[in-house]
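Fold the following, please.
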Amino acid sequence: MAITRISQEELQEAVAALRNGELVAFPTETVYGLGANANHPEAVRKIFKLKGRPSSHPLIVHIDDAKFLPRWARDPSPAALKLAAAFWPGPLTLVLKRAPVVADVVTGGQDTVAIRVPSHPVAQQLLTAFGGGIAAPSANRFGHVSPTRVEHVREEFGDEVQIVLDGEDCKIGLESTIVSCVGEVPHLLRPGAITLSQLQAVVPEVTSAPDPDAPRAPGSMARHYSPATPLNLVPSKNLETVINEFTEEREKVAVLAMRPPGKTSEFMTWINAGSRPDVYGRSLYANIRTLDKAGARMIVVEEVPDDERWEAVRDRLRRAAAAENVVTYDPDIAALKADFGDDLLG
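Residues are numbered from 1 along each chain as shown. This next block holds a predicted model:
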């Protein structure tokens, strides 16, 4: 059974830490967050220092109820209010014009602020007891694979984060959908569990078209969510061919697929993540972390379907692989080496 509440002792300790300018890791329905008092600039700077996160990357401010939105944002548009009413609490982040009290360190120096109301009961318990906003990115080193289990946070930071609240596995496992509502037309900046179609059912004007004037958003770098082992995306029809090239050369390969392997090999670690996008997404980061520990020379990921339900998964996988590591044309590993060099496999 999932942990839905923490003890009063744990809660009081976490709230005291936040008020004293310390960091607290806590679960949300998407991923675990590394939180600081959003009204305490020095505390927020600790997040950037610990993660190794560039100061230009904005953070998301977590609040426990939409009624507190005016404390953080000014003049939210009708579209923003409709989206908030439809999807909060939940995995939706809204980018809005910031209120004057919001510190630059939270917004990356922009005139906008990212806000969301998480639905995880432990996050709600913490936010309500704290009585303020908690600025929190994912609880991992910058650019690394996001944490969806409490042990992932401890693997990342060890004793550097003293308070880690346990909410067991995150229900969704992928970061929130981000929508900018600062222009005339709301823009989808990052896909998540809430799809574009679901957004448009509430606000038909929401678009995913590129917007050169859109605010910087978390998780928008070309390479992100990345394991230490090089990761490649391979078309489904070429998957076994690529894997066989590795195993025949006695090179260990780790595989994330939507089906069981055709045959086994001592040089292959295979995870069958299934073909349901919600289940696949929930376990994606945990599976990548497992494969990253397999001692393989490469993680090979079967490309997922090209439809909206898989958009968030597809986005994370392409960022987890460097752009040049997306193999869509040649299944032969010798050609792969010729194209990318031995450094890719070392």
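
residue ranges with poor pLDDT in the stretch 1-150 of the chain?
Flagging of the stretch 1-150 of the chain using pLDDT under 70 yields the residue ranges 1-3.

buried residues in whichever helix or strand residue 151 is part of?
Take DSSP states H and E as the rule and residue 151 turns out to sit in helix 150-157. Of the residues in helix 150-157, those with enough neighbours to count as buried (16 or more other CB atoms under 10 Å) are 150, 152, 153, 154, 156, 157. C-beta here means a position set from N, CA and C on the backbone, and glycine is covered the same way.

next one: stretch 134-147
For stretch 134-147, burial by neighbour count (16+ other CB under 10 Å) applies to 134, 135, 136, 137, 138, 139, 140, 143, 144, 145, 146, 147.

sorry, back to before: quick check, nearest of the buried residues of helix 150-157 to residue 313?
Taking CB to CB as the measure, residue 152 is the one of these closest to residue 313, at 18.1 Å.

Nearest spatial neighbour of the closest one, chain-adjacent residues omitted?
In this structure, residue 152 finds its nearest non-sequential neighbour in residue 289, 6.5 Å apart by CB to CB, 6 or more residues apart in numbering.

Please, where are all the strands along this protein?
Counting by DSSP state E, the chain has strands at residues 24-26, 33-37, 60-62, 92-97, 112-116, 134-135, 163-164, 177-180, 187-190, 231-234, 253-257, 268-272, 298-302.

Same list, those strands, but as CSV with distance to residue 71 please.
Compiled in CSV, the strands of the chain are given as follows (distance: least, CB to CB, whole Å):
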stretch, distance to residue 71
strand 24-26, 20
strand 33-37, 13
strand 60-62, 9
strand 92-97, 12
strand 112-116, 10
strand 134-135, 13
strand 163-164, 24
strand 177-180, 20
strand 187-190, 23
strand 231-234, 40
strand 253-257, 42
strand 268-272, 43
strand 298-302, 42
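
Residue 196 and residue 52, how far apart?
Noted for residue 196: a distance of 32 Å to residue 52, by CB to CB, to the nearest Å.

quick one: which of these two has more around it?
Neighbour totals were compared for residue 196 and residue 52, and residue 196 leads with 16 against 10 (other CB atoms under 10 Å).

Now do the same contact list for the more buried one.
The contact partners of residue 196, by CB atoms under 8 Å, 6 or more residues apart in numbering, come to 188, 206, 208, 308, 311.

Which strand residues bridge the first one?
Residues found in beta-bridge contact with residue 188 (criterion: DSSP bridges) are residue 179.

Neighbours of it, how many?
22.

any idea how far it lies from residue 173?
In this view, residue 188 and residue 173 are 19 Å apart by CB to CB.

Also the last one?
According to CB to CB, residue 311 and residue 173 sit 15 Å apart.

Please identify which of the two sits among more neighbours.
When neighbours are counted by other CB under 10 Å, residue 173 comes out ahead of the other of residue 311 and residue 173, with 26 against 19.

residues touching the closest residue in space to that one that isn't next to it in sequence, list them.
In space, and not counting its chain neighbours, residue 173 is closest to residue 282: 3.9 Å by CB to CB, 6+ apart. Residues in contact with residue 282 (CB under 8 Å, 6+ apart) are 148, 169, 170, 171, 172, 173, 174.
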